[in-house]
Each structure stands twice: as C-alpha cells, then as structure tokens.
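Peer 1: prediction below, plus the sequence it came from.
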Amino acid sequence: LPTAESIVPAELAGCTAVVFDVLRATSTIVTALAHGCRRVVPVVDASGARELAGRLAGENTPVLLAGERGGQKIPGFPYGNSPLEYPPEVVGGKVLVLTTSNGTRALNGAAKEAHTVLVGSLLNARAVAQKACRLGRDITMVCAGTQGQFSLEDTLAAGMVVLEIVEMLDPGWLCSNHQPSSSLDLADFAVAALHLARTYRDNTRRAFDHSRHGRRLLNMGLAADLDWCASLNTFQVVPVVKKESSYLIIEK
Ligand code: MLT
C-alpha cells in the first residue's frame, strides 16, 4: 500500500504492518539500531522532535536530535537522515529522536491501525520476512513513498520481503506450472512487488538509479548513502514500533 500518514488504510487493522522508506528513513533506523542505538523515537514534525529531545535531555537521557526535510539536515539539528551518520561510536547507547519528510509520518500512521508495526528495508528484508511470518497475522506492506507518490525503492524492498516469504512458505510458487497453495494469498500489489524484486535482486543499487528519489539524492552528492541502503540482508535486526505514553518508540 503506497501511503502517507494522512491516509491510514483500514486494511491495516489487526495485521502486522511492515513500513518501508528505503531512501532513507527506515534504512537509517535499521542501521542505528543494529549499531547499538537504544531506541529511535519517530516524530512527525520538527518542532515536536526538538521539544521531545530537549525534554529527554533534561531527564539525563543521552539523546541525538536528527531530521531531514527535502533530503537536507534541518537547520539547528545536529544530525540528519543519513545512515552513515550513525556508526556504533556515535549512536551506541543513545536515543535517536528522528523526524523525516515521509518515513516517520508513515510509521506514525501505521501505528494507529496495525496490531504490530515492523520497520523494513533492504538491509533487513530476510529477517523481517521471518519475523512477520512468525507473528502469524496477515501482513501488509506499507510503502511510505514520496509525498504520497508511489516509489520504486519502497516497492522493491516490500517485494524482497514477499519473495523471502514465498521462498519460505511455498517455494514452488514461482514455477510456471505450480498451483499456488491456499496458505499464501498474495494481493496483486504483493505479486507486482515480488516481480520487481526478482528483476533487481542481483543489482538493487541499479533500482535506485532508476528511481526518482534515488536520482535526486545522487544529484545531492549522496551516492554513498545509496550504496549503503542498497545492500541486501546485511542485518538481522527487526525494529518493532511500540507506544510509550505520548509518543512512539522503535526498538529491536
Ligand atoms: C523521508 O522520510 O522522506 C526520507 O527518508 C527522505 C530522505 O532523507 O531521503
């Protein structure tokens, strides 16, 4: 489902939602948590993020304030939305308060409806597929997109998770003469995403060259971010969104 926080699909009710914003919010969240970040707090707006980071710092919580608008670091924010900004020595043991244009909105939107929200990317596609299957509910892929528009890279990552699920549950599904099993009831969007994943599986980086937001980031000199986000199944972490009093937290 291509979505934004303002469009909270009713289909999410009671299911496991996997949210993708591969370039770059969910890749940044996965990287930070894999590198020892204590938790990520996804905030919709910049002023809310600033206020919350100030409050946590006042309680002696080690906090990093991070965010992006239009792909650029927000003025006055010490950190941006590049996964490369978060090596273990920077992010280890810290709370990352993060606001981004689309990704943190999609996470907040999904958390209003879904039973469980997982954070997906190419970096952890296989681990996400395994965890989502273990949870045993219907699974909905939520592609953050760009300003409500379809995005190739998010659909690719969703397709990678679908591909992993198909290979786990019904590997014959992809053979031309195979009768799909009833245990695997894929929506048409999931089938389309699956075929996209098969196309780019051996060169995920190429998909970013073909995507509008990928080309935009390239033009901003962020090729190293794209290289990082394109890597497949680097991490085992599966971040889970939880509710904490007045805000959401994401932990592994
Ligand atoms: C977003 O949330 O829209 C992004 O992750 C944008 C970006 O920083 O590339």
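Peer 2: Looks like it came in fine. Numbering: from 1, shown residues only.
Peer 1: so which elements touch the host helix or strand of Ala49?
Peer 2: Using DSSP states H and E, Ala49 maps to helix 46-58. Where contact means 3 or more CB pairs under 8 Å, 6 or more residues apart in numbering; DSSP states H and E, helix 46-58 is packed against strand 63-69, strand 95-99. Glycine gets a C-beta too; all of them are placed from N, C-alpha and C.
Peer 1: quick check: what element follows the shortest one along the chain?
Peer 2: Right, strand 95-99. Strand 95-99 is succeeded, C-terminally, by helix 103-113 (DSSP H and E).
Peer 1: give me the mean pLDDT for that following helix.
Peer 2: The average of the pLDDT scores along helix 103-113 is 94.
Peer 1: do it and the ligand meet at all?
Peer 2: Yes. Counting by CB under 6 Å from any ligand atom, the ligand is contacted by helix 103-113 at Gly103.
Peer 1: distance from the helix or strand that comes right after that helix to the middle of the chain?
Peer 2: Following helix 103-113 in sequence order, the next helix or strand is strand 116-120 (DSSP H and E). The chain centroid and the centroid of strand 116-120 are separated by 8 Å under CA atoms, centre = their mean, to the nearest Å.
Peer 1: quick one on the thing from earlier: quick check: which of the helices and strands packed on helix 46-58 is buried the most?
Peer 2: Across those, averaging neighbours per residue (mean count of other CB atoms under 10 Å) puts strand 95-99 on top, at a mean of 26.
Peer 1: can you pull the residues of the protein lying near the ligand?
Peer 2: Asp21, Leu23, Arg24, Ala25, Glu68, Gly71, Asn81, Thr100, Ser101, Asn102, Gly103, Leu217.
Peer 1: grab the nearest non-local neighbour of the fourth one.
Peer 2: The shortest distance from Ala25 to any residue other than its chain neighbours is 2.5 Å, reached at Gly103 (CB to CB, 6 or more residues apart in numbering).
Peer 1: and for the fifth one?
Peer 2: Excluding its sequence neighbours, the residue lying closest to Glu68 (CB to CB, 6+ apart) is Asn81, at 3.6 Å.
Peer 1: do the same with the third one
Peer 2: Nearest residue to Arg24 in three dimensions, chain neighbours excluded: Asn81, at 5.3 Å (CB to CB, 6+ apart).
Peer 1: ok so the one you found is a helix residue?
Peer 2: No. Using DSSP: H, G, I helix; E, B strand; the rest coil, the assignment for Asn81 is coil, not a helix.
Peer 1: contacting residues around it?
Peer 2: Going by CB atoms under 8 Å, 6 or more residues apart in numbering, Asn81 touches Arg24, Ala25, Thr28, Ala66, Gly67, Glu68, Gly71, Lys73, Leu98, Thr100.
Peer 1: 6 Å instead?
Peer 2: Arg24, Thr28, Glu68, Thr100 (CB atoms under 6 Å, 6 or more residues apart in numbering).
Peer 1: so which of those wins on neighbours?
Peer 2: Counting neighbours by other CB atoms under 10 Å, Thr28 leads those with 34 neighbours.
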